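A.B. asks: Structure for this input, please:
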Amino acid sequence: MKPCLSIIATVLFLLPPAQAQEISLEWREMIQRVVNDQPSLEAARLQAERARLEFRRLEASLGWVLQGGMRALHDVSFIGTPSDTIQAQTGLQRRQANGITWGMNGSYTYQNDTIVFSPALPNPYHYFTWDLNARIPLGQGRGNPDYHLGRRQAQAAEAAARAERDAQRDALAAQAIDLYFAAAFTRERILNAKTSIEFSERTRAYILDNMELGLFEDKDRLQIEAQLAGLRAQHRALETAWVEQRTALNQLMNRPWDHPLLPRISLSDAPLPPLEALVTRALEYDPTLRGLHARLIQVDAAIERARDRRRDTLDLSLMAGLRGKGGPAQIGQVASNDPAVAVGLEYRRALDKSGADAELAQARIDRQVIQQQMAARERALRYRIANLRAQILTHHQAIEGFREQLQREERRLTEAESRFRDGRSTTVELVQFESELNRTQLAVLQQQIEAARKQAQLTLVTGELWPREEHP
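C.D. replies: Now for the predicted structure:
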C-alpha cells in the first residue's frame, strides 16, 4: 500500500500546476463587489451617522437643567458685629420647543449674629425663598427658532451626507463601468487576434506544403509570415493591456491582483423608456441635486435665523413664589410666610444692525448661487440623459448594419480562400479579405460593448442600479 501511495504522490508532484479558472462576471456583480469592499464609502456612511446624531443634541437642549450651590462664611454684619452665615440655593430650568422658559428656584439662608440690638429680631435667623417663574419671548426668539431651524438644518445635513455618500458611490461605479467595458473589449480583441493567428498559421502551412508543387512562391511565404509576426506582436500587446486592466479591476474589488476574471457582456433588447421618464428618474435620484437641495434648506434656515436676530428683544417675565423667615427672639418665636408675585417686561434693541443686515444679505446671495447651480445641474442632466439614450439607439442601428456587412465579408473570404487554394488568388488578396473580416467582427463587438456600456451608464445616472429602498 505504501509504495502505491508513494507513486501517486510522485505523479501528482510532477504534474504541472492547475491554472486558475477564469470567473465569468457580469458588470452589475462587479459593481456590487466594488461597493461592498470600499473603505471610502464606509467613511461616507459614518459621516451620515454623525449628522444623524445632531438630533440628539437638539433634543437635549430642551431637557431640564439642574443647578445649585452652597457656601458658608464668617463676616461682619452691616452694623459691624461678627456674623456666621450659611447659604444654599437650587433650581430647575427648562426651555420648551415653543420658546417659553420655565424655572423653579429655591434658597435658604441661616445667619447667627453675636450681638442683637433689638429683642424683636430673631437670632439665629432663618430665611427661605421658593419661586416658579417663566420667561416668554415676544420679539427675538419667539417660537424658539433656534430649535426648530436647528432641526431643519440637521435633517438637511443628514440628507447632504447621504447624498455625498451616494455621489462617491456613483463616481466609483462610473470608474468601474468604464474600466470593465474597456477590459471586455480588450478581451474580445485578444480572442479576435487569436482567430487571425490561427487562420494565418493554417494559410502558412498550406503555402509551405504546396511550394514544391510550384503553386506558391517565396514572396507568398514572406507575405504570410510578415502578417503572422504582426498579429503575434499585436496579441502580446493586447495581453499586456489585459493584465493591466484586470489588475485595476481586482484592485477596485479588493482582490489579489492576478485573480482570474472574465467580463460577461449581455445586451438588453428591451425598448428604452421615453426620454421624459428617464429624465424624471435622474432628477429624483441625482446625488448632486439632492446635496444642493439640502444646502438650499440650510440656507433658508439661515435666512430665517438672520431675520430673527434683527428683531428687537422683548421678553415677558412672570414669577410667583413664597418668602419665609423666622427664628427665636428674646420676645419669643418669630415666623412669617408671605407670597411674592412679579410681572416684568425686558426690552433690548441693537442700535447698529449693519452686522445682522450683512448676514442676511450673504444668506440671500448663497441662496441665489445654489439655485443657479441647481438649474445648471438639471440642464446638464437632461442633456446627458438625451445623449445616452440617443447613443444607445444609434449603437443598435450600427450593430444591425455591421452584422449585414459581416455576412458579406464572410462570404467574400470563403470565396477568396477557395480561389486561393485553386491558385486563382494571391496571398495579398487573401490576407486583405481576412483582415477586413476581422475589422468587421471587431466593429460588431465594439458596437455591442459600447451599447452595453451606455446602458450601464444610463442605469447608473437614473439610480436604477441601486435597490429602491436606498433611494431618497
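A.B. asks: Tell me if residue 257 really is in a strand.
C.D. replies: No - judged by DSSP: H, G, I helix; E, B strand; the rest coil, residue 257 forms no part of a strand; its state is coil.
A.B. asks: Report the contact partners of it.
C.D. replies: 247, 250-251 (C-beta atoms under 8 Å, 6 or more residues apart in numbering). Just so you know, the C-beta spots here come from the backbone N, C-alpha and C atoms, and that holds for glycine as well.
A.B. asks: List only buried entries from these.
C.D. replies: residue 250 (16 or more other C-beta atoms under 10 Å).
A.B. asks: where along the stretch 51-200 of the chain do the helices fall?
C.D. replies: With helices called from DSSP state H, counting those that start in this stretch, the stretch 51-200 of the chain shows them at 54-60, 145-210.
A.B. asks: Looking at those helices, spot the one closest to residue 29.
C.D. replies: With C-beta to C-beta as the measure, helix 145-210 is the member of the helices of the stretch 51-200 of the chain nearest residue 29 (10.2 Å).
A.B. asks: What mean pLDDT does that closest one get?
C.D. replies: Model confidence over helix 145-210, given as mean pLDDT, is 88.
A.B. asks: what do you get for stretch 218-235?
C.D. replies: 85.
A.B. asks: can I get the contacts of residue 257 in CSV with pLDDT and distance to residue 50?
C.D. replies: Converted to CSV, the contacts of residue 257 look like this (pLDDT from 0 to 100; distance: C-beta to C-beta, whole Å):
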residue, pLDDT, distance to residue 50
247, 91, 35
250, 88, 32
251, 88, 28
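A.B. asks: Can you verify my assumption that residue 74 contacts residue 84?
C.D. replies: Yes - applying C-beta atoms under 8 Å as the test, residue 74 and residue 84 come out as touching, 5.4 Å apart.
A.B. asks: Between those two, which is the more surrounded one?
C.D. replies: Legend: neighbour count by other C-beta atoms under 10 Å for residue 74 and residue 84, higher for residue 84 (14 against 9).
A.B. asks: can you tell me how far the more buried one sits from residue 381?
C.D. replies: 79 Å (C-beta to C-beta, to the nearest Å).
A.B. asks: now swap in residue 430 and tell me
C.D. replies: 51 Å.
A.B. asks: Could you do residue 401 as well?
C.D. replies: For residue 401, the distance to residue 381 - C-beta to C-beta - is 31 Å.
A.B. asks: between these two, which one's more packed in?
C.D. replies: residue 381 (20 against 12).
A.B. asks: who's in contact with that one?
C.D. replies: 279, 282-283, 286, 289, 461.
A.B. asks: From these, pick the one nearest residue 24.
C.D. replies: Residue 24 lies nearest to residue 461 out of those, by C-beta to C-beta, at 26.2 Å.
A.B. asks: Help me confirm that the closest one comes into contact with residue 386.
C.D. replies: No - at 11.4 Å, residue 461 and residue 386 do not qualify as touching, with contact defined as C-beta under 8 Å.
A.B. asks: Looking at those two, which is more packed in?
C.D. replies: Comparing residue 461 with residue 386 by neighbour count (other C-beta under 10 Å), the higher total belongs to residue 461, at 21 against 13.
A.B. asks: Find me the pLDDT at the more buried one, would you?
C.D. replies: pLDDT, read off for residue 461, is 94.
A.B. asks: Angles on the backbone of it, please.
C.D. replies: phi -70, psi -40 (degrees, to the nearest 10).
A.B. asks: Chain neighbours aside, what residue packs nearest to it?
C.D. replies: residue 282 (5.3 Å; C-beta to C-beta, 6 or more residues apart in numbering).
A.B. asks: Without its sequence neighbours, what residue ends up closest to residue 75?
C.D. replies: residue 83 (5.8 Å).
A.B. asks: so who does the one you found touch?
C.D. replies: Residue 83 neighbours (C-beta under 8 Å, 6+ apart): 74-77, 111-114.
A.B. asks: Ok, residue 99 next?
C.D. replies: Per C-beta under 8 Å, 6+ apart, neighbours of residue 99: 136-137, 141-145.
A.B. asks: returning to what we had before: buried only: go through the contacts of residue 83 for me.
C.D. replies: 111, 113.
A.B. asks: helix or strand for the residue nearest to residue 461, which one?
C.D. replies: If you go by DSSP states H and E, residue 282 is part of helix 275-285.
A.B. asks: Buried residues in that helix, which are they?
C.D. replies: 278-279, 281-283, 285.
A.B. asks: swap in stretch 27-34?
C.D. replies: 27, 30-31, 33-34.
A.B. asks: List the ones among those that fall in helices.
C.D. replies: 27, 30-31, 33-34 (DSSP state H).
A.B. asks: What ranges does the stretch 251-400 of the chain have for its strands?
C.D. replies: 262-264, 313-329, 332-348 (DSSP state E, counting those that start in this stretch).
A.B. asks: Tell me the spacing between residue 414 and residue 149.
C.D. replies: 78 Å.
A.B. asks: higher neighbour count, these two?
C.D. replies: The neighbour count for residue 414 versus residue 149, taken as other C-beta under 10 Å, is higher for residue 149 (18 against 12).
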